[in-house]
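# Got a predicted structure plus its sequence, pasted below:
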Protein chains: 2
Amino acid sequence: MQPSFEIIAEPNRRAILGLLAISERSVGEIEMKLRLPQPTVSKHLRVLREAGFVEAQIAAQRRVYRLKPEPLQEVDDWLAQFRHFWSKHVDALERHLDRLHGESKQEEPGENQ
Amino acid sequence: MQPSFEIIAEPNRRAILGLLAISERSVGEIEMKLRLPQPTVSKHLRVLREAGFVEAQIAAQRRVYRLKPEPLQEVDDWLAQFRHFWSKHVDALERHLDRLHGESKQEEPGENQ
DNA sequence: CGTTTATATGTCTTGACAAGTATATACGTG
DNA sequence: CACGTATATACTTGTCAAGACATATAAACG
């Protein structure tokens, strides 16, 4: 339903993603770090999960959430068309174009699915 | 008011920015290209202008809009914290850190209100 | 089993915002 | 100055999403 851009428009969701960029965390950890009510965190996590930004690993009653980078990569790809406005080195742009038509799949750190 | 991420959450505004990434255009040109009603275009342009994404050059009754990349650059900077998830070469990341040269201040997750 | 812990979901309200429509402003030109 | 062109603004309305609060699920554990 909601495309990636609307997902990351919400500040709390960006904060959650920022946390998960460092390491995976349980709902309670996110709740404490961000000082948000638990239902708020859970609902944002649901939105992020359904949009493919995160995934949950069930450990007893805990849900440990970790980042899934693909949607953010799409955002990064959209930005490519503007990047030449501020990037003096064309190299970075070339790399982004490179991953558009080349299926260069690689291992992601701490990631299995 | 609205931070950059909410501005680009709107699909028509992203389309406008995409057009202006190619070349500057008048309101009428954008209107025809995107097949949007003129007030819609003008209102989105106002939002983009007030958020610093575009600026207008007045030419008679025409307003020729051009891109101002700074806010998009902020988005790009925010993405930097995730880029190592999909970028094999650390070089690209380094280049982005490079343009912050000197100052290492950037949005810190977990510190928001 | 009942209780505690961890997380999810449901409901309601409220606010923001985008589209539609009408109208205003501003400039150029005869 | 009247008129056409180009763009901006005002006003209204419908939609949708986020927060608050209450409650449900589910697992661990005594």
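All right, it came through fine.
# And for the nearest residue to A:Glu24 once chain neighbours are set aside, the neighbour number?
Nearest non-adjacent residue to A:Glu24, counting by CB to CB, 6 or more residues apart in numbering or on different chains: A:Arg66, 3.9 Å away. Backbone N, C-alpha and C define where each C-beta goes, glycine included. A:Arg66: 14 surrounding residues under other CB atoms under 10 Å in any protein chain shown.
# now A:Arg25
18.
# Identify the bridge partners of it.
A:Tyr65 (DSSP bridges).
# Quick check: A:Leu79 touching B:Asp76?
Yes. Counting by CB atoms under 8 Å, A:Leu79 does reach B:Asp76; the two are 5.4 Å apart.
# and the two? which has more neighbours close in?
For A:Leu79 versus B:Asp76, the count of surrounding residues by other CB under 10 Å is larger for B:Asp76: 21 against 16.
# And the pLDDT at the more buried one?
Looking at B:Asp76, its pLDDT is 95.
# Output the below-cut-off pLDDT ranges for chain A.
Across chain A, the ranges flagged by pLDDT under 70 are A:1-2, A:88-113.
# same thing but at 80, please
Applying pLDDT under 80 to chain A flags residues A:1-2, A:87-113.
# And the helices in it?
For chain A, applying DSSP state H gives helices covering A:4-7, A:11-22, A:27-34, A:38-50, A:70-83, A:90-101.
# Need the ones you listed in CSV (columns: distance to A:Gln57).
Converted to CSV, the helices of chain A look like this (distance: least, CB to CB, whole Å):
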stretch, distance to A:Gln57
helix A:4-7, 21
helix A:11-22, 12
helix A:27-34, 12
helix A:38-50, 12
helix A:70-83, 17
helix A:90-101, 27
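# Quote the end-to-end distance of stretch A:46-66.
13 Å (CA to CA, to the nearest Å).
# quick one: buried residues of it?
A:47-48, A:51, A:53-56, A:63, A:65 (16 or more other CB atoms under 10 Å in any protein chain shown).
# Same question for stretch A:35-49.
Within stretch A:35-49, the residues that count as buried by 16+ other CB under 10 Å are A:36, A:41, A:44-45, A:47-48.
# any chance of those in CSV, plus distance to chain B?
CSV is the format used below for the buried residues of stretch A:35-49 (distance: CB to the nearest CB, whole Å):
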residue, distance to chain B
A:Leu36, 10
A:Val41, 13
A:His44, 13
A:Leu45, 15
A:Val47, 13
A:Leu48, 13
